[in-house]
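K.L.:
No sequence on hand, only this structure:
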């Protein structure tokens, strides 16, 4: 996981973790105490970094790369 912490912030890793649990963006923003727009921006930026078009691809990548276990 260490090599990915350079690519993803702790906050980004937490957002992926919560997405993998099936949480909605609104749930994630409430849990993290962030505005919805900020969570959407984090998600958008992560998708852009990896070239993905949806959060499912991001979650699959995170499991494959052992960011999630």
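P.N.:
Arrived safely. Predicted, not measured: the structure shown is a model, and the values here were computed from it. Numbering: from 1, shown residues only.
K.L.:
Any stretches of the chain with poor pLDDT?
P.N.:
1-6 (pLDDT under 70).
K.L.:
Where is the longest helix in it?
P.N.:
helix 36-50 (DSSP state H).
K.L.:
Find the centremost residue of this structure, please.
P.N.:
Residue closest to the average C-alpha location in the chain (CA atoms, centre = their mean): residue 16, at 2.8 Å.
K.L.:
show me what contacts the residue lying closest to that residue once chain neighbours are set aside?
P.N.:
The spatially closest residue to residue 16, leaving aside those adjacent along the chain, is residue 62, at 4.9 Å (CB to CB, 6 or more residues apart in numbering). For the C-beta atoms, the positions are set from N, CA and C on the backbone; glycine is no exception. Contacts for residue 62 were tallied using CB atoms under 8 Å, 6 or more residues apart in numbering; they are 16, 20, 68.
K.L.:
quick one on the thing from earlier: okay, buried residues for the longest helix of the chain please.
P.N.:
By 16 or more other CB atoms under 10 Å, the buried positions in helix 36-50 come out as 39, 42-43, 46.
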